[in-house]
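Trainee: Sequence first, predicted model second:
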Amino acid sequence: MSDKPGYSEALAELEGILAELERDNVDVDRLASQVQRAAELIRLCRERIGNARMQIEHVVAELGNESA
């Protein structure tokens, strides 16, 4: 089983990080690690979106072949 969060979980974590970074009293000691984590989550979300897009295109292509 994968230890990577799902898309919804990653997005929720990103929103939490953003909220923390927008605060007036940002913890500078955590800033770099939070930005690094946000970058990892963004990459993960992009990967999930790309995979979903490929799966959808495959299904649509199969449906197009069935009607031909």
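Mentor: Looks like it arrived, so ask away.

Trainee: CA atoms only for stretch 10-20, dumped as CSV, please.
Mentor: Written as CSV, here are the backbone C-alpha positions of stretch 10-20 (Å, rounded to 0.1, in the frame of the first residue of the first chain):
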residue,chain,number,x,y,z
ALA,A,10,-2.7,16.4,-0.7
LEU,A,11,-4.9,19.3,-1.6
ALA,A,12,-6.1,19.7,1.9
GLU,A,13,-2.6,19.6,3.2
LEU,A,14,-1.5,22.2,0.6
GLU,A,15,-4.4,24.5,1.8
GLY,A,16,-3.2,24.1,5.4
ILE,A,17,0.4,25.0,4.4
LEU,A,18,-0.8,28.0,2.5
ALA,A,19,-2.9,29.2,5.4
GLU,A,20,0.1,28.8,7.7
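
Trainee: how about it: buried residues?
Mentor: Buried positions in stretch 10-20, judged by neighbour count with 16 or more other C-beta atoms under 10 Å: 10, 11, 13, 14, 17. (Glycine included, C-beta is placed from N, CA and C.)

Trainee: Distance to residue 42 and secondary structure added to these, as CSV?
Mentor: Formatted as CSV, those follow (distance: C-beta to C-beta, whole Å; DSSP: H, G, I helix; E, B strand; the rest coil):
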residue, distance to residue 42, secondary structure
10, 8, helix
11, 10, helix
13, 11, helix
14, 7, helix
17, 10, helix
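
Trainee: From these, pick the one nearest residue 44.
Mentor: residue 10 (5.2 Å; C-beta to C-beta).

Trainee: my guess is the closest one meets residue 43, correct?
Mentor: No. Using C-beta atoms under 8 Å, residue 10 is not in contact with residue 43, being 9.6 Å away.

Trainee: from the chain's centre, how far out does the helix or strand hosting residue 37 sit?
Mentor: Counting by DSSP states H and E, the element that carries residue 37 is helix 28-67. Chain-centre distance of helix 28-67: 6 Å, with C-alpha atoms, centre = their mean, to the nearest Å.

Trainee: what helices or strands is that helix leaning on?
Mentor: Where contact means 3 or more C-beta pairs under 8 Å, 6 or more residues apart in numbering; DSSP states H and E, helix 28-67 is packed against helix 7-22.
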